[in-house]
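Q: Starting from these lines, generate the structure:
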Amino acid sequence: MKVVIVGGVAGGMSAATRLRRLMESAEIVVLERGDHVSFANCGLPYYVGGVIPKRESLLLQTPESLAARFRLDVRVRHEVIALDSENRTVTVRALDSGREYVEPFDELVLSTGAAPIVPPLPGVERALVVRDVADVDRLAAAAADAQSAVVVGAGFIGVEMAENLVRKGISTTVVGRGPQVLAPLDVEMAAPVAAEMRDNGIRLELGVEPVGIDAEAVTLSDRRVIPADLVVMAIGVRPESALARDAGLAIGSGGGIVVDDRLRTSAPHIYAVGDVVEKLDAVTGQSMLVPLANAANRQGRLVADAITGLTVADPPARGTAIIGVFDVRAARTGWSETRLQAAGRPFRVLHSHPLAHAGYYPGARAMSMKLLIDPETDAILGAQAVGGEGVDKRIDVLATAMAGGIPASRLMDLELAYAPQFGSAKDPVNMLGYMADNLRIGALRTVQWHEIDEVIAAGSHLVDVRSPEEFAAGSIPGARNIPLDELRERVDEIPQGSVLVFCQVGQRGNSATRVLTQRGRQAVNLDGGYRTWRDAIAGQSR
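A: Below is the predicted model of the structure:
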């Protein structure tokens with residue numbers, strides 16, 4: 001059997017090496033357009049910032065090392081320019097010599113990835129992108145002499161690049177068309193990331209976009225001009241599916257190659273993996289694009305199994321991701337509230353602000369967590385977490401729970417590792433389960449931060465049950481302060497009618513609603529408390 005793989009890096013090289021382990025006799029040819037076939041693309045921004053000091057650290061394997069260990073025929077700087085699915089051949093151009101030749105195959109794997117989106121702006125040829133080692137070489141050279149930079153795009157890559165340019169001592173501005181950084185997060189969860197960026201000197205220009213680039217600056221849609229010795233374009237990627245499209249393979253609505261659960265395309269003997277394919281959304285079952293390295297690596301392994309006849313099924317995707325920005329980490333999995341609202345899908349929301357580990361152990365730091373739940377089935381639809389240490393393991397537990405079909409309420413039953421320096425006896429994930437169960441059985445009623453005005457307009461009285469000192473430091477406008485410890489004796493001070501209660505993070509508010517409801521008052525708790533409201537308002541105002 002002869003297997004030709006178009007494209008290396010995560011998907012292509014995972015497929016090639018797995019295939020060799022399964023089939024020693026196969027002829028395996030890897031055709032890579034770029035200079036490097038195996039490199040750490042997720043580490044590229046950190047090389048620019050000096051966090052990864054040695055360029056060689058990015059280069060994981062070479063054609064020579066792959067040939068020695070796996071007997072792979074790896075050809076870099078060889079671009080596949082045409083695909084004949086009927087005759088099972090690809091046309092290849094050797095970029096150094098210009099020679100073109102035809103390479104036959106028995107099975108073909110397309111792992112062509114995704115390319116950065118570069119809009120057709122005046123002067124855009126000066127902008128640099130972040131995709132491969134050649135790109136990062138150009139970026140590192142430009143950053144060496146730059147005093148100012150503009151990063152266009154406030155997504156994961158844009159934020160990472162901005163952080164690393166600041167680490168180089170470069171005055172950096174992030175320009176984003178949307179109203180917030182990190183659009184996959186909801187506004188109240190993204191706000192702490194934006195605050196951390198500003199606190200570390202990054203200027204955020206949100207709700208605008210560039211309209212032109214010249215030798216010294218970027219002009220924005222509101223006519224302001226931002227100085228820029230260096231311009232980085234990081235507004236997203238699109239699948240490199242032109243080869244497949246030209247060959248008549250089925251292409252999905254997002255521009256990616258359509259594959260089945262065995263990663264087969266619409267043409268026999270042709271497979272596709274990684275950023276170039278459309279994946280199934282675990283929440284809706286619809287197609288989606290998930291340009292993430294772990295998905296590409298997994299699909300590379302699966303496609304090798306499929307080619308050798310093993311039973312495989314590519315699982316649906318949840319888009320689990322994490323980013324570190326200076327001292328803040330932000331992670332998510334599944335759907336956000338914004339997406340659920342746009343889709344018109346019913347959901348419940350839970351916010352919590354637990355400590356990453358036991359409060360009595362030194363160094364405990366609070367995180368913000370958000371859980372989105374199907375109100376009928378109690379299924380977890382999505383989760384987000386922002387904070388310091390511990391964010392990664394909590395989002396991984398929640399992503400695993402989603403994959404395992406564990407209902408939100410049953411999170412309280414998970415037996416998670418505990419020692420005071422690592423967690424709490426009631427882990428933050430367990431606490432989300434307790435909260436979800438309270439909502440499920442009707443022991444707790446909550447409203448969200450964006451529903452406050454509506455609830456007050458309907459006649460509810462707003463009561464802040466925090467201490468007088470906390471109240472004096474800042475509260476929601478119109479609130480009456482009655483500390484929880486005094487609430488039982490001061491219930492009569494609350495006018496008749498429904499009551500909206502809040503505290504700092506929701507815990508005391510929950511106790512207050514129980515006190516009030518058992519005294520015959522109609523009371524609801526502000527989910528996530530004052531802190532969630534404060535973060536959301538801060539996110540909206542910037």
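Q: Give me the pLDDT for the residue most central in space within the chain.
A: With distances taken as CA atoms, centre = their mean, Ala321 lies nearest the centre of the chain, 3.8 Å away. We note a pLDDT of 96 for Ala321 in this prediction.
Q: ok now do it, which residues does it touch?
A: Phe156, Pro184, Leu292, Ala331, Arg332, Thr333 (CB atoms under 8 Å, 6 or more residues apart in numbering). All C-beta atoms are positioned from the backbone trio N, CA, C, and that covers glycine.
Q: So it versus Ser368, what's the distance?
A: Per CB to CB, to the nearest Å, Ala321 is found 17 Å from Ser368.
Q: sorry, back to before: switch the contacts of Ala321 over to CSV; also include secondary structure.
A: As requested, the contacts of Ala321 are exported to CSV (DSSP: H, G, I helix; E, B strand; the rest coil):
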residue, secondary structure
Phe156, helix
Pro184, coil
Leu292, coil
Ala331, strand
Arg332, strand
Thr333, strand
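Q: what stretches of this protein score poorly on pLDDT?
A: 541-542 (pLDDT under 70).
Q: do that again at 90, thanks
A: 9-10, 38-42, 56, 58-61, 283-288, 290-294, 443-444, 539-542 (pLDDT under 90).
Q: for the stretch 401-542 of the chain, what spans make up the strands?
A: Here the stretch 401-542 of the chain has its strands, by DSSP state E, counting those that start in this stretch, at 446-447, 461-464, 480-481, 499-502, 523-526.
Q: elements contacting the third one?
A: In other words, strand 480-481. Contact analysis of strand 480-481 by 3 or more CB pairs under 8 Å, 6 or more residues apart in numbering; DSSP states H and E lists strand 461-464 as its packing neighbours.
Q: Mind listing residues that contact the strand it packs on?
A: 452, 456, 470-471, 475-476, 478-482, 494-495, 497-503, 512, 530.
Q: one step back: relative to Val193, which of the strands of the stretch 401-542 of the chain is closest?
A: strand 523-526 (22.6 Å; CB to CB).
Q: contacts for the closest one?
A: With CB under 8 Å, 6+ apart as the criterion, strand 523-526 contacts 444-447, 449, 452, 455, 460, 498-502, 506, 509-510, 512-513, 516-517, 532-533.
Q: can you rerun that using 6 Å?
A: Strand 523-526 is contacted from outside by Arg445, Thr446, Val447, Val499, Leu500, Val501, Phe502, Gly509, Asn510, Thr513, Leu516, Thr517, using CB atoms under 6 Å, 6 or more residues apart in numbering.
Q: Need the max-distance pair from the residues you listed.
A: So, the contacts of strand 523-526 by CB to CB: farthest apart are Phe502 and Thr517, at 15.4 Å.
Q: Which one's more surrounded, those two?
A: The neighbour comparison of Phe502 against Thr517 (other CB atoms under 10 Å) goes to Phe502, with 30 against 16.
Q: OK, contacts around the more buried one?
A: Gly509, Leu526, Gly529, Tyr530.
Q: ok, now how distant is it from Thr172?
A: Taking CB to CB, one finds Phe502 at 37 Å from Thr172.
Q: part of a helix, is Arg345?
A: No. Applying three-state DSSP, one finds Arg345 to be coil, outside a helix.
Q: okay, now it: neighbour count?
A: If we define neighbours as other CB under 10 Å, then Arg345 has 14 of them.
Q: what does Thr320 give?
A: So Thr320, with other CB under 10 Å, has 22 neighbours.
Q: can you tell me how far it sits from Val397?
A: From Thr320 to Val397 the distance is 11 Å (CB to CB).
Q: what do you get for Arg198?
A: For Arg198, the distance to Val397 - CB to CB - is 31 Å.
Q: Give me the contact list for the helix or strand hosting Val136.
A: Assigned by DSSP states H and E, Val136 falls within helix 133-145. Outside helix 133-145, the residues that touch it by CB under 6 Å, 6+ apart are Asp35, His36, Phe39, Leu44, Tyr47, Val48, Leu128, Val129, Lys168, Leu230.
Q: Among those, name the buried ones.
A: His36, Phe39, Leu44, Tyr47, Val48, Leu128, Val129, Lys168, Leu230 (16 or more other CB atoms under 10 Å).
Q: how near is the third one to Ile52?
A: Look at Leu44 and Ile52: by CB to CB, they are 9 Å apart.
Q: do the same with the second one
A: For Phe39, the distance to Ile52 equals 12 Å [CB to CB].
Q: Kindly report the same for the first one.
A: Look at His36 and Ile52: by CB to CB, they are 15 Å apart.
Q: cool, the last one as well?
A: According to CB to CB, Leu230 and Ile52 sit 19 Å apart.
Q: quick revisit: widest-spaced pair of the contacts of Phe502?
A: Checking the contacts of Phe502 with CB to CB, the most distant pair is Gly509 and Tyr530, at 9.1 Å.
Q: quick one: which of these two has more around it?
A: Gly509 (29 against 24).
Q: Does the more buried one touch Val501 like I think?
A: Yes. Using CB atoms under 6 Å, Gly509 makes contact with Val501 at a distance of 4.8 Å.
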